[in-house]
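Undergrad: Generate coordinates for the sequence data below:
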Amino acid sequence: MTTQTAKNPIDHTNTAIGRNLVSPNKRHWYLIDGTNQVLGRLSVRIADILSGKGKSSYTRHVDTGDHVVAINASKIRYTGKKLTQKVYRTFSLHPGGHKDRTLERAISEDCTFPLYEAVKGMLPKNSLGYHMLKKLNIYADAAHPHQAQKLKELK
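TA: Next up, the predicted model:
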């Protein structure tokens, strides 16, 4: 007489998680043109691609997103009174180390900064968000060094 062991109905040994579902070789490269696009709407599209929310293999604790190349950041549209009322604040943790700069001044210094900060604010605030943000490349004009990656243009 042979004895059979009862199988545990909640055995998770064969459960696949997101890490096994996507490999770094399967990541795509997307090209997004920022000409006449509103900052917030463009940032949402980029953040969704970076986090991989459009994929069936999306897992929130695993970086399943793709690479994004954003061009023409100098031609992004800003609605309302954001140019004068939107303020970026930094603090150096020293007395008197509080610095404010408006969106208008930030654009004059570096036109890619507002798009970078907007996307950064939409990603997780941990090391996973940092790795997602590393896959974002922003350029002020249409020239970029990523032609070899076979970019898929999104409209």
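
Undergrad: can you pull the buried residues of stretch 33-44?
TA: 33-34, 37, 39, 42-43 (16 or more other C-beta atoms under 10 Å). Quick note: C-beta positions are derived from backbone N, CA and C, even for glycine.

Undergrad: Narrow these to those in helices?
TA: If you go by DSSP state H, the buried residues of stretch 33-44 have 39, 42-43 in helices.

Undergrad: do you know how far residue 41 is from residue 32?
TA: To residue 32, residue 41 is 11 Å away according to C-beta to C-beta, to the nearest Å.

Undergrad: ditto for residue 55
TA: Note on residue 55: its distance to residue 32, by C-beta to C-beta, is 17 Å.

Undergrad: Between these two, which is the more surrounded one?
TA: Legend: neighbour count by other C-beta atoms under 10 Å for residue 55 and residue 32, higher for residue 32 (20 against 17).

Undergrad: Give the bridge partners for the more buried one, please.
TA: residue 70, residue 154 (DSSP bridges).
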